[in-house]
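Undergrad: What shape does this take:
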Amino acid sequence: MAVTELQWDEIDRRAVDTARVLAADAVEKVGNGHPGTAMSLAPVAYLLYQRVLRHDPSDTDWLGRDRFILSAGHSSLTQYVQLYLGGFGLELEDLESLRTWGSKTPGHPEYGHTEGVEITTGPLGQGLASAVGFAYAARYERGLFDPDAEAGTSPFDHHVYVIAGDGDLQEGVTSEAGSLAGHQQLGNLIAIYDSNQISIEDDTDVAFTEDVAARYEAYGWHVQTVDWKKSGEYVEDVAELNAALEAAKSETAKPSLIILKTIIGWPSPGKQNTGKIHGSALGADELAATKKVLGFDPEKSFVVADDVIERTRSALAEKAKTARAEWQRSFDAWAEANPERKALLDRLEAGELPEGIADALPVFEAGKDVSTRAASGQVINALAAELPELWGGSADLAESNLTTIKDAPSFIPSEWSTHEWKGDRYGRVLHFGIREHAMGAIVNGIVLHGPTRAFGGTFLIFSDYMRPAVRLAALMNIPSIFVWTHDSVALGEDGPTHQPVEQLASLRAIPNLTIVRPADANETAAAWLELLRRQAGPAGIALTRQNIPVFARGDGDASGDTFASAENTAKGAYVLAEAPNGTPDVILIATGSEVQLAVSARETLAAEGVNARVVSAPSLEWFAEQDEEYRETVLPASVTARVSVEAGSVLSWRGIVGDRGRSVGIDHFGASADYKTLFQKFGITAEAVVEAARETLKENS
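TA: Reported below is the predicted structural model:
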């Protein structure tokens, strides 16, 4: 296929220089920010936005668009200026209000805040790592909707473009994700690495001297180098970069890395190629000198020539109109030929579950002991049969997490099939290897790409390795699902390195993150359904390794000796077992495997004439969403004798049990022994709950 020669005229050149000056002006006005990379990457970003990307400024959610991810999020102006020039909704005043209260141009790009921003970036490496998830999703969706079309002919074919910097390439998460991208042969992923060799501490030679090209080639990437410094003079050869991008698009069996050697801050005469221009304003004198070099009036700021803005907006609008019309013809033909797949797409884009999906949930028989990880595995498989959009896996822990969709092929090229796993490029079982950090970022990328639902699993202790991605999911308010098993010291013999103690409390401290710790198998089923019903905000479901009782339940609320239905799980906390006389003297609030201890303690206390209510609290976050009237029915303010029971840090519970309540938990590291011994030695027992109830009753008398 012949490559059309790049057309680049005087207005394009002036538009690029305008982008440089706008970036410098914006940082100068606010007094802080990162002008240097935005200045030197202006021709790169302009090329992408005006010539390469298939997108529509009038509809930033267009299904057929390419995705662009600015992994070097500190250089937010690289993107903001192009969103302004291209007519995506930003105007000059938005650039003038960079990094200020209420502006559309925060310090780092934020998903859901600025039109045209696909992902929140800033923590380095997360953008490039999540881009791998975007590329995963594009391929999986191709398999869902249009698997038989020839390559490049489907309305679901598009590319994921990334701009990354030295910092991104140094962060470990990109090594994890880059290895997976090469393994997956993600030919739809194209990353431009701005190799300017400058970071906050100036020349990166103090810490970063590896052969990046060799590393990425070893990962299985297609690597090209475009060196704008190779002649001894700095020449921004946009045509050479464009040719490299075309070559990357032609390489369909490998992800592509284009190493672009630039001079940061070009053409600032006094600060280019220094750390001083990376993260601070140029200063009035240097900004004036730069404007003179570029032919701009040093006395004026935020000046955009009429012919520049007219060209950049009209040309991109016309390009988008043509691309969209072509895509629409392809999409309409697909929709007519594939009515069932079109109906699936419509359902997913509406964020809806099929009618009657609750009927697909397994019902677990009371009286049996089932670990919640095992219950979760059964639930995942039952739901997967009805929800083709549901896919996921674990960080090399499939047999422990029980996250595998049985009889489904793995999402890997077929040549990577093993005697245990059958590979298919459109498979739905994910294998992340031992890469928890990348797993979190990739799951986020899949969910951001939309409209499928993905999950990733590991042990709860290793949520620590995922925390940056989990926090960003919460910040972006996206419905990523993290499956965390082996959720307490009851992990047992593996010992304290693998036993989570502080993790539940520390994860609950992340705003907008839901933690769900179900009390039995039927709560687990109800929890999964609620997770999938929700279209906003991430959640982690914490599951037991050890078997725990399946409670005998009624169909509604708790009454007498009848336990409440597990459907109440969606409320976050509910009365599982009512006080024997209907009016509680003390309330026992528990989660997960410790709910059984509260139930046992209730019986002991009843024999002593103490009426104890047991509240199962699988999700404190969901409970907090309920109205005050409901919360009062579960935890009446008049009952201040309260005991929390959870085999972890008690930090989460002070606000619930109050000053005169008690918490049964563990605020120290565990030990290596079977879980029954550990619970006995560490005081996570029904007897301990009874004693705590006696103490709080005494204090509240």
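Undergrad: For the protein, name the helix or strand with the lowest mean pLDDT.
TA: Within the chain, confidence by mean pLDDT, DSSP states H and E is lowest for strand 198-199 among all helices and strands, at a mean of 82.
Undergrad: what's in contact with that strand?
TA: Identification of contacts with strand 198-199 by CB atoms under 8 Å, 6 or more residues apart in numbering yields 36, 166-167, 204, 264, 273-275, 278. To be clear about C-beta, it is placed using only N, CA and C from the backbone, and glycine gets the same treatment.
Undergrad: between those residues, which is nearest Glu691?
TA: Distance to Glu691, by CB to CB, is smallest for Gly167 among the contacts of strand 198-199, at 53.2 Å.
Undergrad: Make sure I have this right: that closest one is in a strand.
TA: No. Using DSSP: H, G, I helix; E, B strand; the rest coil, the assignment for Gly167 is helix, not a strand.
Undergrad: who's in contact with the residue nearest to it when sequence neighbours are not counted?
TA: Once flanking residues are discounted, Gly167 sits nearest to Leu124: 4.0 Å by CB to CB, 6 or more residues apart in numbering. Contact analysis of Leu124 by CB under 8 Å, 6+ apart lists 71-74, 165, 167-168, 170-171.
Undergrad: for Pro269, same thing?
TA: Shown in contact with Pro269 (CB under 8 Å, 6+ apart): 286, 289-290, 293.
Undergrad: Including secondary structure and pLDDT, could those go into JSON lines?
TA: As requested, the contacts of Pro269 are exported to JSON lines (DSSP: H, G, I helix; E, B strand; the rest coil; pLDDT from 0 to 100):
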{"residue": "Glu286", "secondary structure": "helix", "pLDDT": "96"}
{"residue": "Ala289", "secondary structure": "helix", "pLDDT": "97"}
{"residue": "Thr290", "secondary structure": "helix", "pLDDT": "97"}
{"residue": "Val293", "secondary structure": "helix", "pLDDT": "97"}
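Undergrad: Following element in sequence after the least confident helix or strand of the chain, please.
TA: Later in the chain than strand 198-199, the nearest helix or strand by DSSP states H and E is strand 202-203.
Undergrad: What mean pLDDT does that next one get?
TA: Mean pLDDT, strand 202-203: 84.
Undergrad: How far off centre is that strand?
TA: Relative to the chain's own centre, strand 202-203 is displaced by 31 Å; criterion: CA atoms, centre = their mean, to the nearest Å.
Undergrad: Sheet partners, orientation included, of that strand?
TA: According to DSSP bridges, strand 202-203 has the following sheet partners: strand 198-199 (antiparallel).
Undergrad: just for this protein, where's the confidence low?
TA: Filtered on pLDDT under 70, the chain yields the residue ranges 1-3.
Undergrad: tell me the helices in the stretch 401-550 of the chain, going along the chain?
TA: Counting by DSSP state H, counting those that start in this stretch, the stretch 401-550 of the chain has helices at residues 436-449, 463-476, 503-508, 521-533.
Undergrad: any idea which of these is most buried?
TA: Greatest average neighbour count among the helices of the stretch 401-550 of the chain goes to helix 436-449 (a mean of 29), per mean count of other CB atoms under 10 Å.
Undergrad: Can you pull out the residues in contact with stretch 331-347?
TA: For stretch 331-347, contacts defined as CB under 8 Å, 6+ apart pick out 63-64, 144-146, 149, 154-155, 354, 388-389, 451.
Undergrad: Ok, stretch 652-662 next?
TA: Stretch 652-662 is contacted from outside by 504-505, 508, 589, 620, 635, 640-644, 646, 663, 665, 692-693, 695-696, 699-700, using CB under 8 Å, 6+ apart.
Undergrad: Show me just the buried residues among those residues.
TA: Buried members of the contacts of stretch 652-662, scored by 16 or more other CB atoms under 10 Å, are 504-505, 508, 589, 620, 635, 640-644, 646, 663, 665, 692-693, 696.
Undergrad: Can you tell me which of these end up in helices?
TA: Among the buried ones among the contacts of stretch 652-662, the ones falling in helices (DSSP state H) are 504-505, 508, 620, 692-693, 696.
Undergrad: follow-up on the earlier one: JSON lines please, covering the helices of the stretch 401-550 of the chain and showing distance to Ser97.
TA: Converted to JSON lines, the helices of the stretch 401-550 of the chain look like this (distance: least, CB to CB, whole Å):
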{"stretch": "helix 436-449", "distance to Ser97": "26"}
{"stretch": "helix 463-476", "distance to Ser97": "21"}
{"stretch": "helix 503-508", "distance to Ser97": "35"}
{"stretch": "helix 521-533", "distance to Ser97": "38"}
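Undergrad: Tell me which of those lies nearest to Pro298.
TA: For Pro298, the closest of those is helix 463-476, at 39.1 Å, according to CB to CB.
Undergrad: for this structure, which helix is longest?
TA: helix 306-337.
Undergrad: and the closest residue to Phe459 other than its chain neighbours, what does it touch?
TA: Of all residues not flanking Phe459 in the chain, His486 sits nearest, at 4.4 Å (CB to CB, 6+ apart). Residues near His486 by CB under 8 Å, 6+ apart: 373, 400, 459-461, 498, 500, 543-545.
Undergrad: got it, and Ser371?
TA: 543-548.
Undergrad: Give me the PyMOL select line for the residues you listed, limited to the buried ones.
TA: To isolate the buried ones among those in PyMOL, judged by 16+ other CB under 10 Å, type:
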select buried, resi 543+544+545+546+548
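Undergrad: nearest to Ala624, of the contacts of Ser371?
TA: Distance to Ala624, by CB to CB, is smallest for Leu543 among the contacts of Ser371, at 21.8 Å.
Undergrad: Thought Ala490 was touching that closest one, still the case?
TA: No. The criterion here is CB atoms under 8 Å, and Leu543 misses it with Ala490 at 11.2 Å.
Undergrad: so after the longest helix of the chain, what's the next helix or strand?
TA: As assigned by DSSP H and E, the chain's next helix or strand after helix 306-337 is helix 339-349.
Undergrad: Let me see the contact set for His498.
TA: Per CB under 8 Å, 6+ apart, neighbours of His498: 459, 461, 486, 491.
Undergrad: Top of these by number of neighbours, please.
TA: Neighbour tally across these (other CB atoms under 10 Å): the maximum, 27 neighbours, falls on His486.
Undergrad: how close does that residue sit to Thr458?
TA: Note on His486: its distance to Thr458, by CB to CB, to the nearest Å, is 9 Å.
Undergrad: next one: Lys271
TA: Counting by CB to CB, the gap from Lys271 to Thr458 is 45 Å.
Undergrad: the more surrounded of the two?
TA: More crowded of Lys271 and Thr458, by other CB under 10 Å: Thr458, with 27 against 22.
Undergrad: Now do the same contact list for that one.
TA: Shown in contact with Thr458 (CB under 8 Å, 6+ apart): 394-395, 397, 401, 436, 439, 465-466, 483-485.
Undergrad: closest to Lys249 among those residues?
TA: Within the contacts of Thr458, proximity to Lys249 (CB to CB) peaks at Met439, which comes in at 27.8 Å.
Undergrad: Test my guess that that closest one contacts Phe462.
TA: No. Met439 lies out of contact with Phe462 (CB under 8 Å); the separation is 9.5 Å.
Undergrad: overlap in contacts of those two?
TA: With contacts defined as CB under 8 Å, 6+ apart, the residues adjacent to both Met439 and Phe462 are Ala395.
Undergrad: What residues does Val303 make contact with?
TA: Val303 makes contact with 21, 296-297 under the criterion CB under 8 Å, 6+ apart.
Undergrad: please redo it, this time with the cut-off set to 10 Å
TA: By CB atoms under 10 Å, 6 or more residues apart in numbering, the contact list for Val303 reads 18, 21-22, 25, 92, 291, 296-297.
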